[in-house]
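Colleague: take a look and give me a structure for this.
(2 chains)
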Amino acid sequence: MSAASNARERLARQGKLRQFITPEGVDLELRIASSGLRFGALIVDLGIMLVVLFAFTLLIGWLGYSSRSDVFESIWLLGFFFLRTFWFIGFELGQRAATPGKRLMGIRVVARDGGRLTADAVFARNLIRELEIFLPLMMLGFGAGEDRVSGLTVAAGILWSLTLSLFLLFNKDRMRMGDLIAGTWVVMAQRSKLDQDIAAETDGAATMAFSENELAVYGIYELQELERVLRARDPRAMREVADTIRAKIGRPVAEEDDVFLLSYYRQLKARLERKLLFGKRREDKYASD
Amino acid sequence: MIVPTLPAAAIDAPAFSTIRFRAEREADWIAFDALLTRLEKRGAKGLSSEELLQLPVLYRATLSSLSIARATSLDKALLDHLEALSMRGYFLIYGVRQSRLDRLARFFARDWPLAVQAVWKETVIIALIIILGAVTSWSLVTSDPQWYYSFVDESMAGGRDPRATVEFLQATMGHGKAAAGEEEGALHVFASFLFTHNSGVSIMSFALGFAFGIPTMMLEFYQGINIGAMVAVFTSKGLGYDFAGWLFIHGTTELFAAALSGAAGLRIGAAVVFPGARSRLQAASDAGRTAGKVMVGVIIMLLVAGLLEGFGRQLITDTVTRYAIGTAMLLFWLAYYYLPRREEAA
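Modeller: Numbering: from 1, shown residues only, chains lettered A, B, ... in the order given. Below is the predicted model:
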C-alpha cells in the first residue's frame, strides 16, 4: 500500500464522518452508513415482512376456512396494510430507531440537526418509502399490463421513478428522498464489545526488547493494523505480518510469532502514545517521526 | 483533561498511562453498558430509581473517558467501544423525553390540529383544485354524456353510467328493492378495502409532493373529475339530491382527508421551490415534519371515512340522516382543526 492510497483511504473515511456535538461538547463523529448497508437492510426487512405476511396469510386462511366467516377477509386486508405501512414506522419509533434489518447491519436513523428523532419525521420518511419502492414496481406492472403503451414510454417511466428511488446514490450524505424530507440520515451504530487490553496482559511470556530505531519505522496506522491481526489470532496472518516486520527491522526469525508481535506491539504502542502525550501524532509510516 | 508532563526518569512507571487509565475507568463503562442494555430492552421501568440517577453520571464519565482516550490512547478496540457506547448513551438519554402516552395525548391535543392549521393555504388550494375538477367534468358530461366514458374507469363505475336506468341508479345508492340483502354480509370487507385503497392514494398524493407539487395537484384534480362525472350522471336522472346524500355521509371526511394529503404534498413541493431565507434542505425537512403530522391525521380520518362508508352508508338509507351525519362530521373536523387554541405554556 502506497502513501497516496493510504491517504486517499483516510480521506474517504473522513468524507463519511459528520460532526455531531453533544451538549457536553464532545464530538461523537457519526459515520454515514453506506448505500450497500442500506440496501442490505431493506432486503432483510422485506424478506422478514414477506415471511410474516406468509405466516399471517396461512393463519387467516386456516381460521377463515374453519369458521367459514368472511370477517377474516377484512382482517387480512387490514393486517396487510398495517404490516406494509407500520413495519418501518413502528420499529424506527422504538428506542434503537432501527428496523430488524437495520439492526443487523448495525445502522440507525438519526435526526440531522442532532435533536431527538420525532415521530413525525419517522412517519414522513417512511411514507415516502411507499413511493420509492412501489412506484417503479407500479410502472413495471403498468408496462406489462397495458399493450397500448410503447416500450419506450414504460422505460422512461421506470427510469424516472428509479431516479427517485436511487436518489441516495447521488448525494454524499446518502439521504433517501424520505430522509431529505424528514430531516434525518442513517448512520453507523455498530456495537463493539470491550475487548481485553492486549497491551496490559502480563502472561509471563518472555518479552523481547526493541531498540528505538527498530520502533521508529511505523506509525499509528500500522500499529492499529497490527492490533487487528493480534486480536483476530489467525496464525497465518500473524506469520506473514511477523515476517514483514522482521524483514523491515532486520531481525532474524528467533522466537514464536505471537511473542514477537505482542512485544513489538506493546513497545510500539507505548512509544507512539508517549509521543501523543507530547502532541506528536504520527499517522502512518510515511509521516515524519 | 489530564495530560501530565512526565519526568524522563519515570517513563517506566508513568503517573498517567493508558493501561492505568483503562483500569481505573473500566468499571464505569461496564456498568453503563449494562444499564443501557436493560434500558433498551425494558425501558425506564427496567431500572430502579438509584440506577436512573446513576445513568447521567455514568454517561458523562463515559464521554469524558472518550475525550481522554481520543487524545491519549491508540487502542482501536477501546476507542471503537467508547465511541459506540457514548453514541448509544447519547441517543437513549437525550432521545426520549416523554412517555409514549404523553406523546400520543399531545399529538391529538396539539400537534395534529396545529399541523393542519399550518397548511391551511395549501388545503384551500387543493380544495379549489378538486372543485375545479368536479365542475369541469360535471359541465362536460352534462352537455355531452359521451365524455363520461373518458373520465371514469369502467370497473370503477360498475354500471353507473349515462345509459343506466333510474331504478338501477337508485339501487346502487341503497334505495329500492334490489339493494337489500345482497351486500350486507361483506360490509366490513368493503370498508377495509376502501380504507386501504384510499390510504394508498393519499400516501401517493403526499409522497409525489416533492416533485414541485405538480403530480399531487394532477392526482387531486383527477379525483374531482371522477366525482363531477358521477354527479352529472345522477343529476341528469333527477337523483342529484339522493346521490349527494349518499356521497355526503362519508365524503366530507374522505374528501377532507384527500385535500389534506394533497396539501401536505404541496407544502413540501412549495418548500423545495420557494425555500425563502432557509436553505432548501432545511425548508424541505421543516415542511416534511409538518406534513408528516398531517399525514398521520389523514390516515386516521380515512379510517373513520372507511367505517362511515362501509357501515354507515350501507346501513343508513335515509337521505336526510345521511346529510345530517355528513354535516356533523364536517363541523366536527372543522372545529377540531381550526378553533383557535391557547398558546402553549412554555
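
Colleague: what degree of burial does the closest residue to residue A:128 other than its chain neighbours show, as a neighbour count?
Modeller: In space, and not counting its chain neighbours, residue A:128 is closest to residue A:178: 3.5 Å by Cβ to Cβ, 6 or more residues apart in numbering or on different chains. Where C-beta positions appear, they are placed from N, C-alpha and C, glycine not excepted. Residue A:178 is flanked by 27 other residues according to other Cβ atoms under 10 Å in any protein chain shown.

Colleague: quick check: next helix or strand after whichever strand or helix holds residue A:178?
Modeller: Per DSSP states H and E, residue A:178 falls inside helix A:177-182. Later in the chain than helix A:177-182, the nearest helix or strand by DSSP H and E is strand A:184-188.

Colleague: which residues does the helix or strand just after that following strand contact?
Modeller: Using DSSP H and E, the helix or strand that follows strand A:184-188 in sequence is helix A:212-215. With contacts defined as Cβ atoms under 8 Å, 6 or more residues apart in numbering or on different chains, helix A:212-215 is touched by A:249, A:251, A:264, A:267-268, A:271.

Colleague: how many other residues sit next to the residue of chain A found nearest chain B?
Modeller: The minimum distance from chain A to chain B, using Cβ to the nearest Cβ, falls at residue A:183 (2.8 Å). Number of residues near residue A:183 (other Cβ under 10 Å) recorded here: 26.

Colleague: that one contacts residue A:114, doesn't it?
Modeller: No: Residue A:183 is beyond contact range of residue A:114, at 10.7 Å (criterion: Cβ atoms under 8 Å).

Colleague: residues contacting the residue nearest to residue A:128?
Modeller: A:124-129, A:132, A:184.

Colleague: report the separation between it and residue A:44.
Modeller: 18 Å (Cβ to Cβ, to the nearest Å).

Colleague: which residues of the chain fall in strands?
Modeller: I went with chain A, as the question did not name one. For chain A, the strands defined by DSSP state E cover A:17-18, A:30-31, A:107-111, A:184-188.

Colleague: got the ones you listed as CSV, with mean neighbour count and mean pLDDT columns?
Modeller: As requested, the strands of chain A are exported to CSV (neighbours: other Cβ atoms under 10 Å in any protein chain shown; pLDDT from 0 to 100):
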stretch, mean neighbour count, mean pLDDT
strand A:17-18, 15, 85
strand A:30-31, 20, 88
strand A:107-111, 24, 90
strand A:184-188, 23, 90
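
Colleague: export these to JSON lines and tack on distance to residue B:296?
Modeller: Formatted as JSON lines, these follow (distance: least, Cβ to Cβ, whole Å):
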{"stretch": "strand A:17-18", "distance to residue B:296": "29"}
{"stretch": "strand A:30-31", "distance to residue B:296": "27"}
{"stretch": "strand A:107-111", "distance to residue B:296": "17"}
{"stretch": "strand A:184-188", "distance to residue B:296": "16"}
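
Colleague: sort out for me which of the contacts of helix A:212-215 are in helices.
Modeller: A:249, A:264, A:267-268, A:271 (DSSP state H).

Colleague: so which of those comes closest to residue A:255?
Modeller: If you rank those by distance to residue A:255 using Cβ to Cβ, residue A:264 comes first, at 10.8 Å.

Colleague: now do the contacts for that closest one.
Modeller: Going by Cβ under 8 Å, 6+ apart, the list of residues near residue A:264 reads A:208, A:210, A:215, A:226, A:245.

Colleague: for those, work out which two are farthest apart.
Modeller: That would be A:208 and A:226, which, of the contacts of residue A:264, are the farthest apart (Cβ to Cβ) at 14.8 Å.

Colleague: looking at the two, which is more packed in?
Modeller: Legend: neighbour count by other Cβ under 10 Å for residue A:208 and residue A:226, higher for residue A:226 (22 against 16).

Colleague: so what's that one closest to, chain neighbours aside?
Modeller: residue A:265 (5.3 Å).

Colleague: verify the stated contact: the one you found with residue A:230.
Modeller: Yes: counting by Cβ under 8 Å, residue A:230 is a contact partner of residue A:265 at 6.0 Å.

Colleague: need the overlap of contacts for those two.
Modeller: Joint contacts of residue A:265 and residue A:230 (Cβ under 8 Å, 6+ apart) are residue A:198.

Colleague: host element of the residue lying closest to the residue of chain A closest to chain B once chain neighbours are set aside?
Modeller: Counting by Cβ to Cβ, 6+ apart, residue A:183 lies nearest to residue B:285, which is 2.8 Å off, once chain neighbours are set aside. Assigned by DSSP H and E, residue B:285 belongs to helix B:280-307.

Colleague: quick one: the helices in chain A, in order.
Modeller: A:3-15, A:35-67, A:71-92, A:100-105, A:119-145, A:151-165, A:177-182, A:212-215, A:220-232, A:235-249, A:257-277.

Colleague: export these to a markdown table and append columns for mean pLDDT and distance to residue B:118.
Modeller: Shown next, in a markdown table, are the helices of chain A (pLDDT from 0 to 100; distance: least, Cβ to Cβ, whole Å):
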| stretch | mean pLDDT | distance to residue B:118 |
| --- | --- | --- |
| helix A:3-15 | 68 | 37 |
| helix A:35-67 | 91 | 31 |
| helix A:71-92 | 85 | 22 |
| helix A:100-105 | 93 | 31 |
| helix A:119-145 | 77 | 12 |
| helix A:151-165 | 77 | 26 |
| helix A:177-182 | 86 | 16 |
| helix A:212-215 | 86 | 64 |
| helix A:220-232 | 89 | 51 |
| helix A:235-249 | 90 | 60 |
| helix A:257-277 | 88 | 52 |
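
Colleague: now stretch B:75-90, how far from the centre of its chain.
Modeller: Centroid displacement of stretch B:75-90 relative to its chain, using Cα atoms, centre = their mean, to the nearest Å, is 35 Å.
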